[in-house]
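**Q** my questions concern the predicted model and sequence given below.
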Protein chains: 2
Amino acid sequence: MGILVMKFGGTSVANVERIQHVAEKVAQAVKEGNRCVVVVSAMGKSTDELVALANEITSAPSPREMDMLLATGEQVTISLLTMALQSKGFAACSLTGWQAGIQTDAAHGKSLVKHVDTSTLREHLERDEVVVVAGFQGITDEGEITTLGRGGSDTTAVVLAAALGADRCEIYTDVTGVYTTDPRVVSKAQKLSEVSYEEMLELARLGAGVLHPRSVECALNHGIPLVVRSSFVDEPGTWVKEANQMELTLNVRGLAHDMDVACIRVSKLPNEKGTLAMIFQALAKENVNVDMIVQNEQNEQFFDLVFSVEEADSKQAVEVLEKLADELKYQSIRCETGLAKVSAVGVGMMKQPGVAAQMFQTLSEEGIQIKLVSTSEIKISCVVARELAYQAVQRLHTVFGLDVKEEQAVTS
Amino acid sequence: MGILVMKFGGTSVANVERIQHVAEKVAQAVKEGNRCVVVVSAMGKSTDELVALANEITSAPSPREMDMLLATGEQVTISLLTMALQSKGFAACSLTGWQAGIQTDAAHGKSLVKHVDTSTLREHLERDEVVVVAGFQGITDEGEITTLGRGGSDTTAVVLAAALGADRCEIYTDVTGVYTTDPRVVSKAQKLSEVSYEEMLELARLGAGVLHPRSVECALNHGIPLVVRSSFVDEPGTWVKEANQMELTLNVRGLAHDMDVACIRVSKLPNEKGTLAMIFQALAKENVNVDMIVQNEQNEQFFDLVFSVEEADSKQAVEVLEKLADELKYQSIRCETGLAKVSAVGVGMMKQPGVAAQMFQTLSEEGIQIKLVSTSEIKISCVVARELAYQAVQRLHTVFGLDVKEEQAVTS
């Protein structure tokens, strides 16, 4: 009998009624012959409420005590969901992170899972019990309670699926799957029936927001098939799996956008060894997160450098560069805000030379100026004026053939 | 340096402001040179809220899952209080019941502490940290989270004090100490500066409600001096300690009353072996809690039996007896409701033959009929009509010399 890991996020367990609904879904999976491990988050806004309580006490709570506090949120959910399952006549048992053997490092608030001791989990599964595990939390070798940081419950689910050799890991959320782009921007956005880990990673990082990148990386590393589906609507979701197991059809599989972009342009930097390292080390030291980096040589003596940051970080980035003015000897710095990034994502897309050209041509026809371009194996990103970003996404969605359902796209 | 265990109940940590106030009190104790272990309950009504949540899910939640749920309440408090101490510049560390090594049996919801592994506690104390421990909870040998039932946090405090060889255990509550009787009934009720474990046990059982009997028993068994004092008003509380360490002055040390009493009278039971056992086994099987039992032989063939129960249990008690009518062959059953129990408590009191007589005489002079009497080494209890109980307590308080402060009583 196969093991199925199911994960339900905060909105899916926001109140008693929804917890009962989740219990129904789990019950159905048990009836279908699965051995189920269910990972849950804290109810709705309860984590936010606990954080607010801590902030009433002190503006700088210790990370260890924050973990102690926040870990209670998931513990409430596991007990309530287990009661709901039991009251429907199903054998079930709740386990906290430490009871489930989720061993982490000691980086409170953002711990990484080191190892899962599955012995207790397996004992309960062998007794044909549904095991309900608290997501987001673990324990150090010294017995300290830790949390895994943002998206931690997704990671818990994938890590357990890997450790137990589960058939698949189902991530239940408030959307019905992964879309070709944000349905709020493009009304014709289509749900993808499958997407590769790598594509999902790019879509996740670029703001699709369905799955946390760490959980996708973990699934990729262990080859665990993920299914993203709705906990509210009963329809097939999106499979996230290895590219070589997918029937690839379209070159471009999805479009992502990031509306919070600023660009810093450093002109005429002397072409000296160590200049780039100096700049990005200085930025890192001030916690400025740099996204895209483009460098182009003007001639043998000088080069230009452009990089993008979140708009809130742009002032700090300029200050860092101004402090280094004497050492770097650049001609000028220019900071442009009010920008956005539009990206086309697809496995193997870059092997099709026409894709980049088609993207540039489309934006040009729309009169949208491209400020910066960056490419990887599976994506092309263009920085454009923020007020034109939605227009860009809408037009590209049509041009790349994403407006129609996948089945139609395959046969056409 | 001595170890001090301090316990703060739910009302003392009901909100952030009160938690800050508790942190001040603990800080003061640290400054006075104590190594402090602080035991806390869940904040205010939070346990009730968790119970309500469980009852929304199911009317019969499993005891294991209830413990999983309720244990989160104290975990929230320990982290917040630790943050408050840290923000005042004190080294502090929170520990859940299982982290603090509180090993219990597996009777979920009413577990008994079997053993305390103090190694982690001592590690933290040796680093001069205040250790903040979640009350009310423990762990079984199998790693299951348990709770100790009503008054569990008092028990946690006393158990830790015993295991650590603490100098004393301070129980902070919403009253300023143990009184000669309920100050709401007798305006002249006086705070006792000390009371023996045994007296405290009787007062606790009889409804004084300050300390849970289990914690008093535990303190008695381990000879841990307890101090009951207010977390809101800064004044000396009441010491609870061994009778032989007290300067005994008054015969009667306090009066207690229990307003929820019903009496069942079984008349003319045949004097056969096993009759009493049969009756009380049958009552226990139906979870009827019997309090006082009085038996008196009418002659060699027959005896009468009177016992008291909570009024809510009285109907059930009568039904149990009616079912056994054929076997017991009694003449009649009579159930009297609307009663109350008034008790005088004092170590060694019964060695003073005048006390019982004085109590009966006083009630008689007040025109209060005594329905039932029961005595132990340290108390006399009389069942009277409920509407006369306060009058009885008030008059007895004066007659037994409790209206004046202890110091005055000693010198007079």
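**A** Perfect, I can see it now.

**Q** would you say residue A:123 is within a helix?
**A** Yes. Residue assignment for residue A:123, taken from DSSP: H, G, I helix; E, B strand; the rest coil, places it within a helix.

**Q** next, count neighbours for it.
**A** Neighbourhood size, residue A:123 [other CB atoms under 10 Å in any protein chain shown]: 12. Bear in mind the C-beta positions are built from the backbone N, C-alpha and C, glycine included.

**Q** and the one 3 residues further on, by the same measure?
**A** The number of residues packed near residue A:126 is 9, by other CB under 10 Å.

**Q** what distance do you get for it to chain B?
**A** Plainly put, residue A:126 is 16 Å away from chain B if you go by CB to the nearest CB, to the nearest Å.

**Q** what does the host helix or strand of residue A:229 rub up against?
**A** Assigned by DSSP states H and E, residue A:229 falls within strand A:226-230. Residues from elsewhere that reach strand A:226-230, judged by CB atoms under 8 Å, 6 or more residues apart in numbering or on different chains: A:158, A:168-178, A:200, A:210-211, A:215-216, A:219, A:235-241.

**Q** show me those that map onto helices.
**A** Using DSSP state H, the members of the contacts of strand A:226-230 that fall in helices are A:158, A:200, A:215, A:216, A:219.

**Q** I'd like to know which of those residues is nearest to residue B:283.
**A** The shortest distance between residue B:283 and any of these, using CB to CB, involves residue A:158 and amounts to 55.9 Å.

**Q** where does the closest one land on pLDDT?
**A** Residue A:158 carries a pLDDT score of 95 in this model.

**Q** what sits closest to residue A:25 if chain neighbours are left out?
**A** Sequence neighbours aside, residue A:231 is the residue nearest to residue A:25 in space, at 6.8 Å (criterion: CB to CB, 6 or more residues apart in numbering or on different chains).

**Q** residues contacting that neighbour?
**A** Counting by CB under 8 Å, 6+ apart, the residues that residue A:231 touches are A:8, A:9, A:11, A:12, A:18, A:21, A:22, A:25, A:172, A:173, A:174.

**Q** out of the ones in helices among the contacts of strand A:226-230, give me the two with the largest separation.
**A** Of all pairs drawn from the ones in helices among the contacts of strand A:226-230, the one with the largest separation by CB to CB is A:158 and A:200; the distance is 11.9 Å.

**Q** so the residue sitting nearest the centre point of chain A versus chain B, what's the distance?
**A** Centroid-nearest residue in chain A: residue A:212, 2.8 Å away (criterion: CA atoms, centre = their mean). Taking CB to the nearest CB as the criterion, residue A:212 is separated from chain B by 24 Å.

**Q** ok, now residue A:282?
**A** For residue A:282, the distance to chain B under the criterion CB to the nearest CB works out to 33 Å.

**Q** check the secondary structure at that residue for me.
**A** Local secondary structure at residue A:282 is given as helix here, using three-state DSSP.

**Q** and it, how far from residue A:329?
**A** With distances taken as CB to CB, to the nearest Å, residue A:282 is found 15 Å from residue A:329.

**Q** more neighbours: these two, which one.
**A** Set side by side, residue A:282 and residue A:329 give different neighbour counts by other CB under 10 Å, the larger being at residue A:282 (17 against 13).

**Q** got the contact list for that one?
**A** A:320, A:321, A:323, A:324.

**Q** just the buried ones among the residues you listed, please.
**A** In the contacts of residue A:282, burial by neighbour count holds for A:320, A:321, A:324, counting by 16 or more other CB atoms under 10 Å in any protein chain shown.

**Q** where's the first one, which helix or strand?
**A** What that stands for is residue A:320. For residue A:320, the secondary-structure element it belongs to, assigned by DSSP H and E, is helix A:314-323.

**Q** for whichever helix or strand comes after that helix, which positions count as buried?
**A** Moving toward the C-terminus from helix A:314-323, the next helix or strand (DSSP H and E) is helix A:325-328. Within helix A:325-328, the residues that count as buried by 16+ other CB under 10 Å are residue A:328.

**Q** show me what helix A:325-328 is packed up against.
**A** Helix A:325-328 makes packing contacts with strand A:254-270, helix A:275-285 when contacts are defined by 3 or more CB pairs under 8 Å, 6 or more residues apart in numbering or on different chains; DSSP states H and E.

**Q** could you say which of these is packed most deeply?
**A** Per residue and on average, the most neighbours among those fall to strand A:254-270, with a mean of 21 (mean count of other CB atoms under 10 Å in any protein chain shown).

**Q** and the strands in the stretch 301-412 of chain A?
**A** Listed in chain order, the strands of the stretch 301-412 of chain A (DSSP state E, counting those that start in this stretch) span residues A:302-309, A:332-345, A:372-376, A:379-385.

**Q** which residues sit in contact with the closest residue to chain B within the stretch 101-250 of chain A?
**A** With CB to the nearest CB as the measure, the residue in the stretch 101-250 of chain A that lies nearest chain B is residue A:143; the distance is 6.0 Å. With contact taken as CB under 8 Å, 6+ apart, residue A:143 is in contact with A:98, B:99, B:120.
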